[in-house]
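> Here's my sequence, what's the structure:
(one chain, ligands or ions: 2)
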Amino acid sequence: MRLILLGPPGAGKGTQAAFLTQHFGIPQISTGDMLRAAVKAGTPLGIEAKKVMDAGGLVSDEIIIGLVQDRLKQPDCANGYLFDGFPRTIPQADALKSAGVKLDYVVEIEVPEEDIIERMSGRRVHQPSGRSYHVRFNPPKVEGKDDVTGEDLIQRDDDREETVRNRLNVYRQQTRPLVDYYSSWAQQSPADAPKYRKISGVGAVEEIKSRLFDAVNS
Ligand code: AP5
Ligand code: ZN
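Numbers count the residues shown, from 1 in each chain. Ligands and ions are numbered 1, 2, ... in the order given. Take a look at the predicted model:
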């Protein structure tokens, strides 16, 4: 299974990715998690990326495409993978297409902007795994601690309201066009295009999970 979860910041891509990767036994390729790991490690890429991420902008296509190309060479990608937060621009989608990557599904998760700010302001993450919680909507079993490891949860630096608004603008301008890109490809050339599915991301985490599994079984 090879698929993309497409959707605005805070749509629940990371939350839902965990269910699919576990079910299909495939890795999650989250370019956001990869960049945050580089920031934490203090690599030259991390130092450069942090400035862009804190402002809510996008890291250059060249860097991201290189990161993903390297990641796809890892042996755990042999039986498929789930992209979360990639591709995010038309050039990134074109790079994937010209690399001959054959995707099964693109699933768009739709969430209205009003809900997004609230989701991000209450988000808490377990940095090493990328697991995501919400203080009200999806709380951990023990406040401030990861369910699996018991380690501390943190707030992401780019979840400040001003940065979130900027990320939403960037989404509208640079990433939203991928909705058309993949849906029209699926209409024009159903034999080689990934199947395009759109689900609502509003509701309980479990409800969205079942919509998502229906989408990738149809
Ligand atoms: P990235 O990490 O990809 O962030 P994003 O796409 O903005 O998405 P988020 O991680 O914020 O949201 P999500 O959809 O995963 O939601 P989550 O499940 O956590 O990218 C970060 C930055 O890195 C970018 O801004 C950019 O600078 C850079 N970058 C990354 N990839 C790049 C690329 N390809 N090209 C260029 N630059 C790139 O859920 C959000 C919250 O809502 C959580 O608190 C969660 O618990 C809660 N929640 C989840 N589901 C529900 C529900 N059903 N109801 C209520 N609350 C819910
Ligand atoms: Zn995420």
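> Which positions in the chain make contact with ligand 1?
7, 9-15, 31-32, 35, 52-53, 56-59, 64, 85-86, 88, 92, 119, 122-123, 132-134, 137-138, 158, 167, 203-205, 208 (C-beta under 6 Å from any ligand atom). Heads up, the C-betas are built off the backbone N, CA and C, glycines and all.
> Among these, which ones are in strands?
Counting by DSSP state E, those place R123, S132, Y133, H134 in strands.
> Buried among the residues you listed? Need that as a selection in PyMOL.
Entered in PyMOL, the line below selects the buried ones among these, by 16 or more other C-beta atoms under 10 Å:
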select buried, resi 123+132+133+134
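> Would you reformat the ones in strands among the residues of the chain next to ligand 1 as TSV and include pLDDT?
Formatted as TSV, these follow (pLDDT from 0 to 100):
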residue	pLDDT
R123	93
S132	93
Y133	95
H134	95
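> Could you count how many residues lie near the residue of the chain found nearest ligand 1?
Nearest to ligand 1 in the chain, going by C-beta to the nearest ligand atom, is G32, at a distance of 1.9 Å. By other C-beta atoms under 10 Å, 20 other residues sit near G32.
> Ignoring the adjacent residues along the chain, who's closest to it?
Nearest residue to G32, sequence neighbours excluded (C-beta to C-beta, 6 or more residues apart in numbering): G85, at 4.5 Å.
> just Y182 next, same as before
V106 (4.4 Å).
> Could you look up the SS state of that neighbour?
Put simply, V106 is strand when judged by DSSP: H, G, I helix; E, B strand; the rest coil.
> ok, how many other residues are close to it?
Count around V106 with other C-beta under 10 Å applied: 25.
> Tell me, what's the model's pLDDT at it?
V106 is assigned a predicted lDDT (pLDDT) of 98.
> For it, list each beta-bridge partner.
For V106, the beta-bridge partners are I4, Y196 (DSSP bridges).
> show me what contacts it?
Going by C-beta atoms under 8 Å, 6 or more residues apart in numbering, V106 touches L3, I4, L6, Y182, A186, P194, K195, Y196, R197.
> Need these in TSV (columns: neighbour count and distance to D147).
Formatted as TSV, the contacts of V106 follow (neighbours: other C-beta atoms under 10 Å; distance: C-beta to C-beta, whole Å):
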residue	neighbour count	distance to D147
L3	25	25
I4	26	26
L6	28	27
Y182	24	33
A186	17	36
P194	19	32
K195	16	32
Y196	21	33
R197	21	29
